[in-house]
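Asks: Any chance you could fold what I've pasted below:
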Amino acid sequence: KGITLNVGLISGGQSVNTTAPYAEGQIDMRYVDPKDRATVMAEIERIIATPYVPGTSATLTIKGEFVPVVQSESSKALFETYQAAARQAGLTTLQGEFSGGCADSGFTAAVGTPTICGVGPVGGLAHSPEEYLELDSIVPRAQTLALAILRG
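Replies: Numbers count the residues shown, from 1 in each chain. Sure, this is the predicted structure:
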């Protein structure tokens, strides 16, 4: 269903030879359908409420949250405008794709604003030491965005 949950950072303790007085795990949760959030959160809360070591407890603190981009009819129309601008700029193979990531665009889409995401330069291996940007994609993508704005 496009749901992922990763405890990406774990820390705690005060030294290697003592029982840790605290520990922390930071979670990255992603989902496609906003309705799935409640189900996943209920399961996280169930796990946190279950002590596995006598005398311990856990709490859940949400420090920040992104929401998924859900395509609306107006967002689809905006993307079609962007595709037409891309053809005009010479990018004939521009196709939409769902990445499953999260970005600020989820906030605008969630309040009904026509939204497209990921229209910048081409690259890959995001958020890794090998992340890269194809320099030759900068000008055509900038031209496409400018043409799309002029069409709007």
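Asks: Show me what the helix or strand of the chain with the lowest mean pLDDT is packed against.
Replies: Using mean pLDDT, DSSP states H and E, helix 105-110 stands out as the lowest-scoring helix or strand of the chain, at a mean of 88. If contacts are counted by 3 or more CB pairs under 8 Å, 6 or more residues apart in numbering; DSSP states H and E, helix 105-110 sits against no helix or strand. (Glycine included, C-beta is placed from N, CA and C.)
Asks: Could I get the CA-only coordinates of it as PDB?
Replies: Once side chains and other backbone atoms are set aside, the C-alpha atoms of helix 105-110 remain, and they are given as PDB (Å, rounded to 0.1, in the frame of the first residue of the first chain):
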ATOM      1  CA  SER A 105       4.200  20.000  -1.700                       C
ATOM      2  CA  GLY A 106       2.100  17.700   0.400                       C
ATOM      3  CA  PHE A 107       1.000  20.700   2.500                       C
ATOM      4  CA  THR A 108      -0.200  22.700  -0.500                       C
ATOM      5  CA  ALA A 109      -2.000  19.700  -2.000                       C
ATOM      6  CA  ALA A 110      -3.700  18.900   1.300                       C
END
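Asks: mind listing what the following helix or strand past that helix pairs with, with the direction of each?
Replies: Under the assignment DSSP states H and E, the closest C-terminal helix or strand after helix 105-110 is strand 123-124. Strands that pair with strand 123-124, judged by DSSP bridges, come out as strand 132-133 (antiparallel).
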